[in-house]
Each structure stands twice: as structure tokens, then as C-alpha cells.
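Trainee: Turn this into a model:
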Amino acid sequence: MVKKKLQNIPLGVKAAVIYTMASVFSRGLSMITVPIFTRIMSTSEIGMVNLYNSWYSLLNVIATLSLTSGGFQIAMKDFEGERDQYQSSVLTLTSMMAIFLGCIYFLIPNSWNRITGLPSALMILMLVVFFFAQAQDFWLLRQRYEYKYKLAGALTMGSALASTVLSVIVVLSLNKANSDQIVVGRLYATNIVSIAISAILWIKLYVKGKTIVNIKYWKYSLKLSVPLIGYAFAAQILSVSDRMMISKMVGNDAVGIYSTLYTVSSISLLVWTAINSSFIPYLYQNIEKKGNRIKELSLALMGSYAIIAVMLTFLAPEIVKILATKEYYEAIYIMPPIAAGVFLTSVSNMYSNLLIYHKKTNYIMYSSIIAATVNLILNYICINAFGYMAAAYTTLIAYIVLAGTQAMFARKIRFKETGEKSVYNDNAVFVMVILTIIAALFGLVLYRYTWLRYIIICTGMIAGIKIALMTLKRIKS
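Mentor: Numbering: from 1, shown residues only. All right, here's what the predicted structure looks like:
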């Protein structure tokens, strides 16, 4: 009976569930290892690891030419009978870009090492990953597009598990040997499994596609992806510039503390990613229907997420005690502004969903550039004046700017396209944002009163569950 029901589940639903599980599993492993690494690595070493990850995220935008963004799925549709050839051809583009970045680096390696704050061993690792990793990205994207979830899901979870176990073993071994190469060892151990898999897929894509250069595919891909590079680059600057600037202006010890607490504060994003993925189909299918429930559902979903984000903020002392050591506990006061900024991701996502619906993604790029510029300027001024903890507040301000500009652009485009002022209840969203920020920042006071925090947390959890259940009933009806 159960087997029959499982067989009747649509293929697309099965694929979505497996890919979500694989993503949550991978992210979950990284969270599980936090208490291990914070106890066997110094804050400076963890800072170096996060600095590497920040530079990788930023430079990867250039290395991929944003070819792994939405344009790839469109190409899978337009070149339905030529997918193998298309994949191998665009893989040449990303491989050439990795070689180009390598040439730039090896011309003046010492200068780039000073700029990034990374040693040559880690810069070379990054370039090798750039060369091979896109093969795995292209392969996974195609598997997902074609609803081939079994091998892709197994490979994603298996490689994540192998990389995690190997990195823990290597760090423990190097720590026992009193080595000064723990950071290099951890990052190489983390990436070696992925590099090996990507290298095999890199060869496989060329063997199947038998196409190294195809100008038609290149023009098509670059036309779609190049406009997205500006957006992706600005988004990454907004996301990681604080850690880079802290490294230069304060030191890697501060980066280690800040980035670890930033990761803890962002745990709730796993929840929001799932919420938003479920809401988008409903939004796009019902946006033009009269009598839809988009306004009330969007408020209920954002309200539920706001409660989760705030409750996690109030639990910060306990979470940090479990995941980290006393060095990190002393900096828990940066978590409330970070958590408030993370909540604003839900607001900006709601409005960017509208801009995507109306195919006005350039406005998403504009808002990201504005927010990233504000963040860079404020970081430079405030970190110098008040220390690295100020970056948490400048990040909050930048996310307020991002959500605000996207809401403004979405209202403008919606009115221009349909004459309707907004799909959402903008006034209620504005009030919710204000209340959530105030509630999150209230944690700065509540950290001193444990029992009061627990009472508020229990009340909030009950309210969140009730809102979630009511929302599910409305969606089903």
C-alpha cells in the first residue's frame, strides 16, 4: 500500500524532495562539525578558513561567468536534442576562464596573496577547484532539470559525508602533530573528494558531448549570463565583504569569531529556503487570479519565519555554548543584528519573486549594487571607528536597503505592468519588519535574564506553530 502511494507521487515532487534533503543534509553536516572545529582550531585558523570561503564565493562569480544561473535551465529547454554538445561546449568557457584567472595569478602571485590574505597553497587550490567544479555543477543542474534524482542525490550526500569525515580526520591528525598547516590541510581535505568527482565528470561531459567550441552555444549562454554577473558579484560583496574587511582591518581572529556566529545566526535560512520554494509556485499560479490569498499567505509565512528567526536569536547563548567555546560566547551580542538582517532576506525574496515574474531581473541587480555599496562604505567607516562587531549592524542596514529598494522597484514594475499597486500588503510587511528588528535587538537585553528569555521563547514557539498550521490549512483549501 505504502509502496503504491510512493509510486504515484509525481516525479517532479520526488526530485524536489530528494534534492531538498540532500541540501539540508550537506548543510547539516557543516553545522554538526562546528563544535568540533571550534575546539581543535584557533579563532585565527577558523578565520582563515572563512576568509578562503569568502574569496572563493566572490571569485567564483567570475570563474563561472554566471553560466550556472537561470540561463542553463533555459538552454536545456532550447537545445533539447543537443544537451550533451551544449554542456561540453560551455564547459570549455568555464575551463578557459579558470586558466585565465590562473595566468593572472601566476604573473604576480605575491601581490594577489597580499590582496586576498591567503597563502599560495590555498590560491592554487582555489584555481584547481575553479577548473573542475563547474563540470559537477553542470551535471547536477541537468540531472535536476531531467528529474534524475537518485544518483545526483546519492552523490551529493555521499561526497558531503566523505569530505566532512576526511576533513575532521586530517585536522585531528595535524592538531596532534602540532602542525602549522591545519588550515591548508582542512581545506584540501574538504575539497579533494569534490575535485576527484568533478574531474571524472569533466572528462565524461567531453566524451559524451564531443564538442569543445561552438560559437552558437557560447553567444547564447553569454547573452543570458553576462547581465547576471553584475547582480551575482554585488550579492556576494554584500554577503562576504564584512569578513574580508575585518581580516584586513582587524585580523583573522576576529574573522573566526564573527564568521562562526554569523553562520549560527543564519541557521534559520534553511527554513526560509524551504518556505520560499513552496510559495513561489503558488504565487506564480495565482498572481493574476481574482480573490487569491497571496496577501494573507505571504504575511503568515513571513510572520512564521520572523518568529523562528527571533526565537533562535533569543537562544543564542545556549546555541553558542554547544557549538563553540568561551572566546565565541563573549561575542554573542552581534547575533541579534545579524539575525534581523537574515530575516530581511525573506522580505527581499518576496519582492524579487515579483521582479522575476515580470522578467525585470535587472532591477534585482540594481538593488544589490546599491546595498553592496552602502555595506562597503559603512564597513570601512564603522569597523575602523567601533571594531569588528560594528559589521553586524552595517550588514543589517545594508539588508534594510536591499529589501527596501526591491520593494520599491517591485511596486513600480507591478503598477506599470498591471495598474495594481502591489501583490502584498506592503503596510503590514513594513510594520512586521520594524517589529521583527526591534524584537531581535531586544535579545541584547534579554541575554541577562535567562528565565524571561525561556518564557518568551516558549510563547513564541506556540504562536509560530499555530500560525504555521493555519497557513497550511489555507494553502490546502
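
Trainee: Please count neighbours and contacts with C-alpha atoms only from this point.
Mentor: Will do.

Trainee: Show me this structure divided up by domain.
Mentor: 9-224, 266-476 (automatic domain parsing).

Trainee: Redo these as a markdown table? Include mean pLDDT.
Mentor: A markdown table is the format used below for the domains of the chain (pLDDT from 0 to 100):
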| stretch | mean pLDDT |
| --- | --- |
| domain 9-224 | 87 |
| domain 266-476 | 83 |
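
Trainee: Of these, which is nearest Asn252?
Mentor: Of all the domains of the chain, the one in closest proximity to Asn252, counting by CA to CA, is domain 9-224 (4.7 Å).

Trainee: how far out from the middle of the chain is that closest one?
Mentor: Per CA atoms, centre = their mean, to the nearest Å, the displacement of domain 9-224 from the mean C-alpha position of its chain is 14 Å.

Trainee: can you redo the domains of the chain as a markdown table with mean neighbour count and distance to Ser247?
Mentor: Formatted as a markdown table, these follow (neighbours: other CA atoms under 10 Å; distance: least, CA to CA, whole Å):
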| stretch | mean neighbour count | distance to Ser247 |
| --- | --- | --- |
| domain 9-224 | 18 | 8 |
| domain 266-476 | 18 | 9 |
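
Trainee: Can you check which of the ones you listed gets nearest to Leu238?
Mentor: Closest approach to Leu238 among the domains of the chain is made by domain 266-476 (4.6 Å; CA to CA).

Trainee: show me what contacts Gln73?
Mentor: Leu141, Arg142, Tyr145 (CA atoms under 8 Å, 6 or more residues apart in numbering).

Trainee: how close does the last one get to Thr418?
Mentor: Read that as Tyr145. Noted for Tyr145: a distance of 31 Å to Thr418, by CA to CA, to the nearest Å.

Trainee: likewise Ile74?
Mentor: 26 Å.

Trainee: Follow the chain on from the helix or strand where Ser221 lies and name the next helix or strand.
Mentor: Ser221 belongs to helix 215-249 when assigned by DSSP states H and E. Counting by DSSP H and E, the next helix or strand C-terminal to helix 215-249 is helix 252-265.

Trainee: Give me the helices and strands touching the helix or strand just after that next one, please.
Mentor: Sequence-wise, the next helix or strand downstream of helix 252-265 (DSSP H and E) is helix 269-286. Packing contacts for helix 269-286, counted by 3 or more CA pairs under 8 Å, 6 or more residues apart in numbering; DSSP states H and E, involve helix 294-314, helix 335-357.

Trainee: which residues touch helix 269-286?
Mentor: Here helix 269-286 makes contact (CA under 8 Å, 6+ apart) with Thr20, Val24, Asn292, Ile294, Leu301, Tyr305, Val342, Ser346, Asn349, Met350, Asn353, Tyr357.

Trainee: Closest one to Ile203 out of these, please.
Mentor: Using CA to CA, Thr20 is the member of these that lies nearest Ile203, at 27.6 Å.

Trainee: ok, back up a step: can you list the buried residues in the helix holding Ser221?
Mentor: By 16 or more other CA atoms under 10 Å, the buried positions in helix 215-249 come out as 217, 221-222, 224-225, 228-247.

Trainee: which is the next helix or strand following the one helix or strand Ala22 maps to?
Mentor: Assigned by DSSP H and E, Ala22 belongs to helix 11-32. For helix 11-32, the following helix or strand on the C-terminal side (DSSP H and E) is helix 34-40.

Trainee: who touches that next one?
Mentor: Ile46, Val168, Val171, Leu172, Asn175, Ile322, Leu323, Ala324, Thr325.

Trainee: Tell me which entries of those residues lie within helices.
Mentor: Among these, the ones falling in helices (DSSP state H) are Ile46, Val168, Val171, Leu172, Asn175, Ile322, Leu323.

Trainee: Just name the closest of those residues to Ile212, please.
Mentor: Out of the ones in helices among the contacts of helix 34-40, the member with the shortest distance to Ile212 (by CA to CA) is Val168, at 38.6 Å.

Trainee: Could you export the helices and strands packed on helix 269-286 to TSV, including columns for distance to Gln285?
Mentor: Listed next are these as TSV, based on distance: least, CA to CA, whole Å:
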stretch	distance to Gln285
helix 294-314	11
helix 335-357	11
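
Trainee: which stretch among those helices comes nearest Val207?
Mentor: helix 335-357 (35.7 Å).

Trainee: and the angle for the closest one with helix 269-286?
Mentor: Here the directions of helix 335-357 and helix 269-286 differ by 20 degrees (axes from the mean of the first three to the mean of the last three CA atoms, to 10 degrees).

Trainee: for helix 335-357, packing partners?
Mentor: Other elements packing on helix 335-357 under the criterion 3+ CA pairs under 8 Å, 6+ apart are helix 252-265, helix 269-286, helix 294-314, helix 362-386, helix 390-418, helix 426-441.

Trainee: Show me the helices in the stretch 1-150 of the chain, by range?
Mentor: 2-8, 11-32, 34-40, 43-64, 71-78, 83-107, 109-116, 120-145, 150-176 (DSSP state H, counting those that start in this stretch).

Trainee: Can you add distance to Ser368 and give those helices back as CSV?
Mentor: Shown next, in CSV, are the helices of the stretch 1-150 of the chain (distance: least, CA to CA, whole Å):
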stretch, distance to Ser368
helix 2-8, 42
helix 11-32, 25
helix 34-40, 30
helix 43-64, 14
helix 71-78, 19
helix 83-107, 24
helix 109-116, 23
helix 120-145, 24
helix 150-176, 30
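
Trainee: Nearest approach to Met389 belongs to which of those?
Mentor: Nearest of the helices of the stretch 1-150 of the chain to Met389, taken as CA to CA: helix 43-64 at 14.6 Å.

Trainee: For Trp202, which non-adjacent residue is spatially closest?
Mentor: Of all residues not flanking Trp202 in the chain, Ala135 sits nearest, at 4.9 Å (CA to CA, 6 or more residues apart in numbering).

Trainee: Just list the residues touching that neighbour, thanks.
Mentor: With contacts defined as CA under 8 Å, 6+ apart, Ala135 is in contact with Leu91, Ser198, Ala199, Leu201, Trp202, Leu205.

Trainee: Repeat that for Thr33.
Mentor: Thr164, Val168.

Trainee: Give me the phi and psi for it.
Mentor: phi -80, psi -10 (degrees, to the nearest 10).

Trainee: same check, this time on Phe442
Mentor: Backbone torsions for Phe442, taken as degrees, to the nearest 10, come to phi -60, psi -20.

Trainee: How about it, nearest residue that isn't a chain neighbour?
Mentor: Once flanking residues are discounted, Phe442 sits nearest to Pro336: 7.9 Å by CA to CA, 6+ apart.

Trainee: How about Tyr145?
Mentor: According to CA to CA, 6+ apart, the nearest residue to Tyr145 is Gln73 (6.8 Å).
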